[in-house]
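Asker: The following block contains a protein sequence and its predicted model.
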Amino acid sequence: QVQLVESGGRSVQAGGSLRLSCAASGFTSGSYAMAWFRQTPGKEREFVGGIRWGSGGIYYTDSVKGRFTISRDNAKNTMYLQMNSLKIEDTAVYFCAADRWVVVGSGGISPGLYEHWGQGTQVTVSS
């Protein structure tokens, strides 16, 4: 049974940093596409970035490029999202997602493509 558990969300001031973790079980992380999404009230879930299965290529949405970094520790079956230079508009619930067949970087940004989701972790950035 696939499970994804996010952690690390909290309140932080603008310009600060956070690292989110997504602990995966039930599959080997390198064999699945894994991604981070975020969502604010009343808006659709937005692709933040993801790791392609197999090659491990990493892709980001434009608004976070240069500020956010995704990494994966295969030994711990955990994906990370290092967020630097946080902005107020980064405030959201951040979700981890995984799917065996999604090809991140060739599309793969629609939340409907991902079968497995974590429960989400709240990130609040204040001025």
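Answerer: Great, that's in hand. Numbers count the residues shown, from 1 in each chain.
Asker: Let's verify Glu89: helix, strand, or coil?
Answerer: Assigned by DSSP: H, G, I helix; E, B strand; the rest coil, the conformation of Glu89 is helix.
Asker: Show the contacting residues for it.
Answerer: Applying CB atoms under 8 Å, 6 or more residues apart in numbering, we find Glu89 in contact with 63, 125. In this view, the C-beta of every residue, glycine as well, is placed from N, C-alpha and C.
Asker: beta partners of Asp73?
Answerer: For Asp73, the beta-bridge partners are Thr78 (DSSP bridges).
Asker: pretty sure it contacts Ile51?
Answerer: No: using CB atoms under 8 Å, Asp73 makes no contact with Ile51, being 11.5 Å away.
Asker: okay, and the common contacts of these two?
Answerer: Met79.
Asker: out of the two, which sits in the busier spot?
Answerer: For Asp73 and Ile51, the more surrounded residue by other CB atoms under 10 Å is Ile51, and the numbers stand at 24 against 12.
Asker: So, low pLDDT: which residues of this structure?
Answerer: 29 (pLDDT under 70).
Asker: now do 50
Answerer: In the predicted model, the chain carries no residue with pLDDT under 50.
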